[in-house]
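Trainee: here you go, sequence then predicted model.
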Amino acid sequence: MNTLLAQSINLFAVVLLVLAFAMIAQRRILTLIHLFTLQGAALAAATLIVGYLTGQHHLYFSGVLTFVLKVVLIPILLHRVIDRLNVRWDVETLFNIPTTMLIGIVLVIFAFNLAAPIAGLSASVARGTLGIALACVLLSFLMMIVRAKAVPQVIGFLSMENGLFFAATAATSGMPMIVELGIAFDVLVGILILGVFMFQIREQFDSLDIRHLEKLKED
Amino acid sequence: MDPLALVLAIPLLGGVLLGLWGHRERAGDLNAGVSLLTLAASVWLTVIVVRDGPLTVWGEWFFVDPLNVFLVTLTAFVGFTTSLFSRPYMRIERDHGKMTPGRMRLFHSMYQLFNGTMLVALTTNNLGILWVAMEAATLTTVLLVSVYRTPASLEAAWKYFILCGVGIAQALFGTILLYLAAERAIGGGESALLWTHLAQSKHLLDPGILSLAFVFLLLGYGTKVGLVPVHNWLPDAHAEGPTPISAVLSGLLLNVALYALLRCKVLADGALANGLPGRMMIGFGLVTVVVAAFFLSRQRDVKRMFAYSSIEHMGLMTFAFGLGGPIANFAGLLHMTVHALVKSAIFFAVGHAAQKAGSQAMEDIRGLLKVSPTVGWGLMLGSLAILGMPPFGVFASEFLILTTAMREAPWATPFLLVALGVAFAAIFGRVQPMVFGETSLRPLAHPPALLPVFVHLGLALMLGLYIPPYLDGWYRQAAQMIGG
């Protein structure tokens, strides 16, 4: 039973990675939010299983916190934002999805190489997944670079936070509780501020295209 | 009553109070009053630390030692003087129609919360909380950068949020790696991220993990320090936000981020023993100084120019701390102090000058001395001070940094000298016509509060001529703590 559970951590890790790739290629904003919600759910499940296997009870709390924040609260907020901004059915034109995917694969290989020596030093049951966690962080980073609309960029930002939380679980069986609470608080406040921000941008530019936000350049 | 509790509680509660108080008359006075109380509490804290030595309080969650106590006092002091400056400044902005009542409320409330989060970041013993507080400091200021709602300010705030958010996410990954190393060396749990514990057993931390962790921490906190190539948010945020925010971003937030980096460097140095963190900081610092100096010479917006000057000076400090050793560390700490004082003074003067001209473009600001000599002299003396002219304190610290660099890293001195020369020519050449000559400026509706400018410059002058013995001892102790 326990070996099965231990392997299921790897399964959830792979789900996280596949979802990160899917987000890069996804053009519909609504589907992007669904993917983000799924990623949150996979993260929460992985955290709970690590908690069960290691007997670290604070991980249960952390898993529940992840679930509440990333599967319930933030998706609700995102849905409300895209409803009010009327971008629910928006489809973004993305150039060169295959090239982006190839860059993504290079990033994954890089992340695995970077994480391999450290993962060996970790005592956590999920240490094999540290490379995946780092890969998720880098893929989200890539997504933020290639996206030109505000909402996908924000989802990339949140997905990066997912990768980091997963790294904490994979490498160290969870950061101290108070730190996790603090991070969760920052993420929540951050998304609220971003929400306010998107309305301001929309009001000013009549569009959520952040290509409008490239005027301040060095001449 | 614990003085540290007061130092942290006054600004945080003050922020809530000002949020409730709203835009009623005297909100500016209330803001200044809260900042004055914070300053009083931090002076009390300093007196206690000077008398009794370092403090560790509340189950070791918070601590005050020679390194952070002087930054706490500096933060509270500049926080107070900036609140004095912002009273008339923001009133004029309101009269110009740039600030609505709701925005004034946001400004005052967030200003206090910003101060509070910086003080938490400075005094917390837990590196995780340090990260949380640094991120919170970004969150409190991001809406202030976009407070004017112009396209440029929205762009600046968006960049600030996204770049600093991504940057600080790298620092979180570094902190996670640090926790991994701590778990292996001293066991996990709530106390494994406490700096005092980590510093005691820093030689036990795994060098492989720590070197990778330090790379992420340097990139992450380096984004907030404004190190090249992750500095892009800084000039925009400084130029487009209200001037009081530019002053505290330059004078305080950058220092706090550098402080976070220093705390991490102490741990990495202890674990690695090969000087890698120092060399990385030397490299980043030097590139930052040179790149910022050349960008600086191409600016037309006065606040942007001084923002690049902040990047240059943060690079110089990073370089000094990278050199390490008692003299360079001493010089770095002194430079942190004088830069915070002088740069905020410059922003106060620049803010009023830009209000008189109705523009931040340097060619629109002419002949300040004719319209208001105090603003003109403030800008002129502040510029001379920031350019490292004797007898101001910046001269003393830059001189110490350069002489140490000649001994420890002679190859770097030509780059530094060229960069300082370029910055000198650029700033001096631009400031001169702004201060002297004919004018087309208009007088201000409310008398500006220029006392802070001259108090800051006076302190910087004093630090250049004479450093009081207790302050000197304090700097030496702090320099020793960060590996002197």
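Mentor: Looks like it came in fine. Numbering: from 1, shown residues only, chains lettered A, B, ... in the order given.
Trainee: please make it C-alpha for all contacts and neighbour counts, starting now.
Mentor: Fine.
Trainee: what sits against B:Leu333?
Mentor: B:Leu333 makes contact with B:317, B:475, B:479, according to CA atoms under 8 Å, 6 or more residues apart in numbering or on different chains.
Trainee: ok, those residues vs B:Leu204, which is closest?
Mentor: For those, the residue nearest B:Leu204 by CA to CA is B:Ala479; the value is 22.8 Å.
Trainee: against which helices or strands is the one helix or strand that closest one maps to packed?
Mentor: Secondary structure from DSSP states H and E places B:Ala479 in helix B:469-481. Judged by 3 or more CA pairs under 8 Å, 6 or more residues apart in numbering or on different chains; DSSP states H and E, helix B:469-481 is in contact with helix B:66-95, helix B:325-357.
Trainee: what's the most buried one of the ones you listed?
Mentor: helix B:325-357 (a mean of 25; mean count of other CA atoms under 10 Å in any protein chain shown).
Trainee: and the worst-scoring helix or strand of chain B on mean pLDDT, which strands flank it?
Mentor: In chain B, the helix or strand scored least confidently by mean pLDDT, DSSP states H and E is strand B:55-57, which has a mean of 83. Looking at strand B:55-57 with DSSP bridges, its partner strands are strand B:62-64 (antiparallel).
Trainee: show me what counts as buried in the partner strand.
Mentor: Going by neighbour count (16 or more other CA atoms under 10 Å in any protein chain shown), the buried part of strand B:62-64 is B:62-64.
Trainee: adding pLDDT, write those residues out as a markdown table.
Mentor: Converted to a markdown table, the buried residues of strand B:62-64 look like this (pLDDT from 0 to 100):
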| residue | pLDDT |
| --- | --- |
| B:Phe62 | 91 |
| B:Phe63 | 90 |
| B:Val64 | 90 |
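Trainee: which single one of these is nearest to chain A?
Mentor: B:Phe62 (13.6 Å; CA to the nearest CA).
Trainee: give me phi/psi at the residue lying closest to that closest one once chain neighbours are set aside?
Mentor: Leaving aside its sequence neighbours, B:Phe62 sits nearest to B:Thr124 (CA to CA, 6 or more residues apart in numbering or on different chains; 4.4 Å). Main-chain torsions, B:Thr124, degrees, to the nearest 10: phi -70, psi 140.
Trainee: ok, B:Thr124 - how many residues close by?
Mentor: Using other CA atoms under 10 Å in any protein chain shown, B:Thr124 has 23 neighbouring residues.
Trainee: contact residues of chain A facing chain B?
Mentor: Counting by CA under 8 Å from any CA of the partner chain, chain A comes close to chain B at A:118, A:122-123, A:141, A:157, A:160-161, A:164, A:167-168, A:171-172, A:175-179, A:182-183, A:186, A:189-190, A:193, A:197, A:200-201, A:204-205, A:213-216, A:219.
Trainee: report the buried members of those.
Mentor: Neighbour counting with 16+ other CA under 10 Å marks A:118, A:122, A:141, A:157, A:160-161, A:164, A:167-168, A:171-172, A:175-176, A:179, A:182-183, A:186, A:190, A:193, A:197, A:200-201, A:213 as buried within the residues of chain A next to chain B.
Trainee: can you tell me the SS state at B:Leu400?
Mentor: Following DSSP: H, G, I helix; E, B strand; the rest coil, we place B:Leu400 in the helix state.
Trainee: so how far is B:Gly226 from the residue nearest to it when sequence neighbours are not counted?
Mentor: Setting aside the residues directly before and after it, B:Leu400 is nearest to B:Ala331 in space (CA to CA, 6+ apart), at 5.8 Å. In this view, B:Ala331 and B:Gly226 are 19 Å apart by CA to CA, to the nearest Å.
Trainee: which residues does B:Ser250 contact?
Mentor: B:Ser250 touches B:238, B:307, B:310, B:340, B:343-344, counting by CA under 8 Å, 6+ apart.
Trainee: secondary structure element for the most centrally placed residue in chain A, which one?
Mentor: Nearest to the mean C-alpha position of chain A, counting by CA atoms, centre = their mean, stands A:Ser159 at 1.4 Å. Element membership of A:Ser159 [criterion: DSSP H and E] is helix A:150-172.
Trainee: sorry, back to before: list the buried residues of the helix holding B:Ala479.
Mentor: Buried residues in helix B:469-481, counted by 16+ other CA under 10 Å: B:474-481.
Trainee: pick out whichever of those residues sits closest to B:Lys265.
Mentor: B:Met481 (11.1 Å).
Trainee: contacts only, for the residue lying closest to B:Gln170 once chain neighbours are set aside.
Mentor: Using CA to CA, 6+ apart and skipping residues adjacent in sequence, the residue nearest B:Gln170 is B:Gly220, 4.9 Å away. Shown here is B:Gly220, whose contacts under the criterion CA under 8 Å, 6+ apart are B:166-172.
Trainee: which parts of chain B sit against chain A?
Mentor: Counting by CA under 8 Å from any CA, chain B sits next to chain A at B:128-129, B:132, B:135-136, B:139, B:143, B:149-152, B:154-156, B:158, B:162, B:165-166, B:169, B:172-173, B:176-177, B:179-180, B:183-184, B:189-190, B:208-209, B:236, B:298.
Trainee: of the residues you listed, buried ones?
Mentor: Buried among the residues of chain B next to chain A (16+ other CA under 10 Å): B:128-129, B:132, B:135-136, B:139, B:143, B:149, B:151-152, B:154-156, B:158, B:162, B:165-166, B:169, B:172-173, B:176-177, B:179-180, B:183-184, B:209, B:236.
Trainee: which parts of chain A are helices?
Mentor: Ranges of helices within chain A are A:2-25, A:29-54, A:58-66, A:74-84, A:97-121, A:130-146, A:150-172, A:177-205, based on DSSP state H.
Trainee: pull the helix or strand with minimum mean pLDDT from chain A.
Mentor: Per-SSE averages on chain A (mean pLDDT, DSSP H and E): minimum helix A:177-205, a mean of 86.
Trainee: angle of that helix against helix A:150-172?
Mentor: 170 degrees (axes from the mean of the first three to the mean of the last three CA atoms, to 10 degrees).
Trainee: helices and strands around helix A:177-205, which ones?
Mentor: Using 3+ CA pairs under 8 Å, 6+ apart, helix A:177-205 is in contact with helix A:58-66, helix A:74-84, helix A:150-172, helix B:127-145, helix B:151-186.
Trainee: would you turn these into TSV with mean pLDDT and distance to A:Thr47?
Mentor: Listed next are the helices and strands packed on helix A:177-205 as TSV, based on pLDDT from 0 to 100; distance: least, CA to CA, whole Å:
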stretch	mean pLDDT	distance to A:Thr47
helix A:58-66	90	5
helix A:74-84	90	18
helix A:150-172	88	6
helix B:127-145	92	19
helix B:151-186	90	15
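Trainee: could those helices be laid out in JSON lines, adding distance to B:His96?
Mentor: As requested, the helices and strands packed on helix A:177-205 are exported to JSON lines (distance: least, CA to CA, whole Å):
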{"stretch": "helix A:58-66", "distance to B:His96": "46"}
{"stretch": "helix A:74-84", "distance to B:His96": "32"}
{"stretch": "helix A:150-172", "distance to B:His96": "31"}
{"stretch": "helix B:127-145", "distance to B:His96": "17"}
{"stretch": "helix B:151-186", "distance to B:His96": "17"}
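Trainee: nearest to B:Leu459, of those helices?
Mentor: Of all those, helix B:127-145 comes closest under CA to CA, at 26.7 Å.
Trainee: thinking again about what came up before, which residues does the residue nearest to B:Phe62 contact?
Mentor: By CA under 8 Å, 6+ apart, the neighbours of B:Thr124 are B:61-63, B:130.
Trainee: what about residue 137, how many residues nearby?
Mentor: Picking chain A for this. 33.
Trainee: oops, I was thinking of chain B
Mentor: A count of nearby residues for B:Ala137, using other CA under 10 Å, gives 25.
Trainee: how close does it sit to B:Met99?
Mentor: Taking CA to CA, one finds B:Ala137 at 22 Å from B:Met99.
Trainee: hmm, back to that, what's the angle between the helix holding A:Ser159 and helix A:74-84?
Mentor: Going by the same axes, to 10 degrees, helix A:150-172 makes 170 degrees with helix A:74-84.
Trainee: for helix A:150-172, packing partners?
Mentor: Using 3+ CA pairs under 8 Å, 6+ apart: helix A:150-172 touches helix A:29-54, helix A:130-146, helix A:177-205, helix B:151-186.
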